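**Student:** sequence plus predicted model, see below.
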2 protein chains.
Amino acid sequence: MDVDVVVIGAGLAGLVTARDLIRSGLDVAVLEARTRVGGRVLNRVLSDGTVVEIGGQWVGPTQDRLESLAAELGVATFPTFDDGENVLVVRGRQRRYRGAIPRLPRHVLADLGQAQLRLDRMARHVPLEAPWSAPRAKTWDGQTVDTWIRRRMRTRQGRDMFRLGVASVFAAEAAELSLLDFLFTSHSGGLLDRLFNVAGGAQERRFVGGSQVLAEALATRVGESVRLGCPVRGIRHDSESVTAHADGGVLVRARRGVVSIPPALAARVIYDPPLPAGRDQLTQRTPMGSVIKVMAAYDEPFWRADGLTGQATSDRGPVRLTFDNSPPSGSPGVLLGFMEGDEARQAGRWTEGRRRQAVLECFARAFGPRAGAAREYVEMDWSDEEWTRGCYGAHLPPGTWTQFGPALREPCGRLHWAGTETATVWAGYMDGAVRSGERVAAEVAAALRDQG
Amino acid sequence: MDVDVVVIGAGLAGLVTARDLIRSGLDVAVLEARTRVGGRVLNRVLSDGTVVEIGGQWVGPTQDRLESLAAELGVATFPTFDDGENVLVVRGRQRRYRGAIPRLPRHVLADLGQAQLRLDRMARHVPLEAPWSAPRAKTWDGQTVDTWIRRRMRTRQGRDMFRLGVASVFAAEAAELSLLDFLFTSHSGGLLDRLFNVAGGAQERRFVGGSQVLAEALATRVGESVRLGCPVRGIRHDSESVTAHADGGVLVRARRGVVSIPPALAARVIYDPPLPAGRDQLTQRTPMGSVIKVMAAYDEPFWRADGLTGQATSDRGPVRLTFDNSPPSGSPGVLLGFMEGDEARQAGRWTEGRRRQAVLECFARAFGPRAGAAREYVEMDWSDEEWTRGCYGAHLPPGTWTQFGPALREPCGRLHWAGTETATVWAGYMDGAVRSGERVAAEVAAALRDQG
């Protein structure tokens, strides 16, 4: 036997798994397809040396395992810039407002508020360990979020805003999402305000040096165990061992295996023997969202001087959500924009030049003509990435949780499953990835102890 | 260059593609993972030598391309046994009725009739070449079929019967299906009566010798071009050529490639360079249905003497639909049962012994105690099949047609897509597979002529 455990994928989940298993005194090999660690967590260096996050980037309250990891690794956080007024762009006109609630007509705000209240009440009834056992699981899993919105929300603007909120969490359209999966995700992150907000929410703080430093520091701890540029193509497994076959003839034999890549990519590995029908069919039903993350750099964050946070919400795409993503020093100024769901799918077919122009037009509508004159533009279409194939994470379409749910985490013999998609708390977030790594490491260590 | 065109998969679609391309004077290689041809079309030989169909089996009116193929290959058809009364099992009690419409309370029949009328009217508005351009495409694709049923049908029994009808076509639950995909499939097959019925419908006739003889006869025509036991793992493609890499070091270089396997399996091939985001994400959203097809053999088709067709519909699983599947001679008697959608997913986790017992109990509830005493029992769980991973076909979950639809057939450079999932007429059926092969062969021949 080469090692005790072979881990497929060196994203946060895989690296945390390896860290914990090594701490338990086990031999571990981590095989990573890319020539870098971090998976969906990735820094980009601008031409002046400024580091920005082009993948997952935020940390917020109750993301305790991510916080704890950062503390352990000595990575500090700083607040997402949030001083001043936010912007709402409606029919090309900029409206400023303070706080989390946009300046919308009162009946629209009431519509949004009531929707959120109702959904939060429903979400509390979804057990995080077993969403399929929610009292109304079958009803909720048999409809899309869009169906719920159409039936329960009364204003067109409210529905539109809420759909945008949904897309901002899933990078997918309300029309694609199972209501049960939506409620699970919401409960998993501590209900909707926590998911949507900057202050007090999932977008509250950032990591000094960019979030990828977490993965890099972890990789240093895990040391020689990580092998980069090793895409695993096949996994043989039997009652005694697991053997991972990667490109270049790399072959690692272990007592147990942990697959910590998104389920849609786990489906593409050749398992010998093939996995049970329930697991295989689950992985036919775990599509990734679509997001193109873009940033534009300016000599300074000029919107701050105008009393603006850099946060804008727009009724028009392709960028409908922005944030101030300047480094802690505040120089250069960096505006961050998201194209999510259908906007990403459409813009993904354009040339980079056309996207850049459309993005800067969106920025200019929100922050004035200066925002149109960026000194640098960077973008990342996560759906184009061979080893991710979509972000932020997978969602489970209608009918999936209730028919295939248990297969998401249930080991298949000596194969165990990790990744943020398998988390019960903060599923789909970096914190969920860390938790999934901790859970699977404990699961594997116990299995090795009890069953070998 | 080894050949002009390499075809991946020797199901009906791949074999028809090869036949047509060879007729155009082109060199073709067909690489098939299994050691047999036919894909989802498969015969099983009972212990007395009787041939039964354990995969796709029926042909009906307007399935002209399948008919024409059978005529060309000299394969005759015979009618599905349909003389006598059908059986409806409700709360354990057997009720007999004549014709396609079960003996249900009048208000339930009205409910079912109106639902069908409405859905047929909607289906006619779905353009077969471009379902995403239907006038109400976004609304229909944003909801599940179950949502429509809950909102539009008034009786519990009507809803239950209709859900069973849906499962009988898709082998998936109404809760999983996009209403738009359902309407497309229905229109594609000529509306609901055509899909549901035996006489005048998709279950009207069978092939003498079992449907797989079609694939075998086709393979004979295609001859040396078919290589069995060659699972294709990778496809390199550039502006000049396509190279397929299969197990055992098999390598076929061609001017163009045709991938004629289900999209969920096409996703598992390694493309170099990787495919565009839209195509990749589509194939994350093409789950296969789940069906376990079972047959029980008896010395004679005793139900015929009782004046029964052998067709039963039950309110209780795991088998909720049965047919008489005896050979043309009428001896032995063979009852065919389907477990579909959730029933298949649950029963798939049982032992074969438990399934057999549950199936025979279902048969006995419909046809009396003699049906419980089968002399032979055979079954096939298509979700367990490594090279199919579900049947009857793929469906597109909510939001997929409207965001990813064109990628289903659109070639990626020199790669073309076939398979019944890509058909516009009788999509999901054997006839659709044949049509897709004919379409792609014409497409490839034209591309070779015009662009090389």
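**Tutor:** Thanks, I have it. Numbering: from 1, shown residues only, chains lettered A, B, ... in the order given.
**Student:** list the contacts for the nearest residue to residue A:408 once chain neighbours are set aside?
**Tutor:** Closest residue to residue A:408 apart from its sequence neighbours, by C-beta to C-beta, 6 or more residues apart in numbering or on different chains: residue A:422 at 5.7 Å. The way it works is simple: take the backbone N, C-alpha and C, and place the C-beta from them, glycine included. Neighbouring residues of residue A:422 by C-beta atoms under 8 Å, 6 or more residues apart in numbering or on different chains: A:408-409, A:436, A:439-440.
**Student:** also residue A:252?
**Tutor:** A:2-3, A:6, A:29, A:31, A:243-244, A:246.
**Student:** tell me the domain ranges of chain A?
**Tutor:** Following the TED database, chain A resolves into domains at A:2-39+A:212-286+A:397-450, A:42-83+A:201-210+A:288-381, A:106-189.
**Student:** chain center to the longest one: distance?
**Tutor:** Taking the mean C-alpha point of domain A:2-39+A:212-286+A:397-450 and that of its whole chain, the gap between them comes to 17 Å (C-alpha atoms, centre = their mean, to the nearest Å).
**Student:** cool, stretch A:144-158 as well?
**Tutor:** On C-alpha atoms, centre = their mean, the centre of stretch A:144-158 falls 25 Å from that of its chain.
**Student:** low-confidence regions, chain A specifically.
**Tutor:** Low-confidence segments of chain A, defined by pLDDT under 70: A:1.
**Student:** which positions in the stretch 301-450 of chain A make contact with chain B?
**Tutor:** A:342, A:345, A:348-349, A:381, A:383-384, A:386, A:389-390, A:397-400, A:402-404 (C-beta under 8 Å from any C-beta of the partner chain).
**Student:** show me what contacts the residue of the stretch 201-350 of chain A found nearest chain B?
**Tutor:** Nearest residue of the stretch 201-350 of chain A to chain B (C-beta to the nearest C-beta) works out as residue A:277 at 3.6 Å. Going by C-beta under 8 Å, 6+ apart, residue A:277 touches B:290, B:345, B:348, B:381, B:383-384, B:389-390.
**Student:** how near is the closest residue to it other than its chain neighbours to residue A:239?
**Tutor:** Leaving aside its sequence neighbours, residue A:277 sits nearest to residue B:383 (C-beta to C-beta, 6+ apart; 3.6 Å). In this view, residue B:383 and residue A:239 are 23 Å apart by C-beta to C-beta, to the nearest Å.
**Student:** of the contacts of residue A:422, just say which sits nearest to residue B:136.
**Tutor:** Using C-beta to C-beta, residue A:408 is the member of those that lies nearest residue B:136, at 33.8 Å.
**Student:** and the helices in the stretch 251-400 of chain A, which stretches?
**Tutor:** With helices called from DSSP state H, counting those that start in this stretch, the stretch 251-400 of chain A shows them at A:263-266, A:277-283, A:302-305, A:342-347, A:352-367, A:400-404.
**Student:** for the nearest residue to residue A:200 once chain neighbours are set aside, phi and psi?
**Tutor:** In space, and not counting its chain neighbours, residue A:200 is closest to residue A:61: 6.1 Å by C-beta to C-beta, 6+ apart. The phi/psi pair for residue A:61 (degrees, to the nearest 10) reads phi -60, psi 140.
**Student:** what's the burial count for the nearest residue to residue A:40 once chain neighbours are set aside?
**Tutor:** Closest residue to residue A:40 apart from its sequence neighbours, by C-beta to C-beta, 6+ apart: residue A:55 at 4.8 Å. When counting by other C-beta atoms under 10 Å in any protein chain shown, one arrives at 25 neighbours for residue A:55.
**Student:** what do you get for the one 5 residues further on?
**Tutor:** Around residue A:60 there are 25 other residues, counting by other C-beta under 10 Å.
**Student:** if I pick it, what's in contact with it?
**Tutor:** By C-beta under 8 Å, 6+ apart, the neighbours of residue A:60 are A:194, A:197, A:200-205.
**Student:** pull the most distant pair out of those.
**Tutor:** Across those, the two lying at the largest distance from each other (C-beta to C-beta) are A:194 and A:205, at 13.7 Å.
**Student:** what about burial for the residues of the stretch 301-450 of chain A next to chain B, which qualify?
**Tutor:** When these are checked for burial by 16 or more other C-beta atoms under 10 Å in any protein chain shown, the buried set is A:342, A:345, A:348, A:381, A:383-384, A:386, A:389-390, A:397-400, A:402-404.
**Student:** residue A:165 against residue A:201, yeah?
**Tutor:** No: between residue A:165 and residue A:201 there is no contact, the gap being 11.7 Å when judged by C-beta atoms under 8 Å.
**Student:** as CSV, could you dump the C-alpha coordinates of stretch A:353-365?
**Tutor:** Only the C-alpha atoms of stretch A:353-365 are listed here, as CSV (Å, rounded to 0.1, in the frame of the first residue of the first chain):
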residue,chain,number,x,y,z
GLY,A,353,-13.9,42.6,-25.9
ARG,A,354,-17.6,42.7,-26.1
ARG,A,355,-18.0,41.5,-22.5
ARG,A,356,-15.5,44.2,-21.3
GLN,A,357,-17.5,46.9,-23.0
ALA,A,358,-20.8,45.7,-21.6
VAL,A,359,-19.4,45.4,-18.1
LEU,A,360,-17.9,48.9,-18.1
GLU,A,361,-21.2,50.2,-19.4
CYS,A,362,-22.9,48.6,-16.4
PHE,A,363,-20.3,50.0,-14.0
ALA,A,364,-20.8,53.5,-15.6
ARG,A,365,-24.6,53.3,-15.2
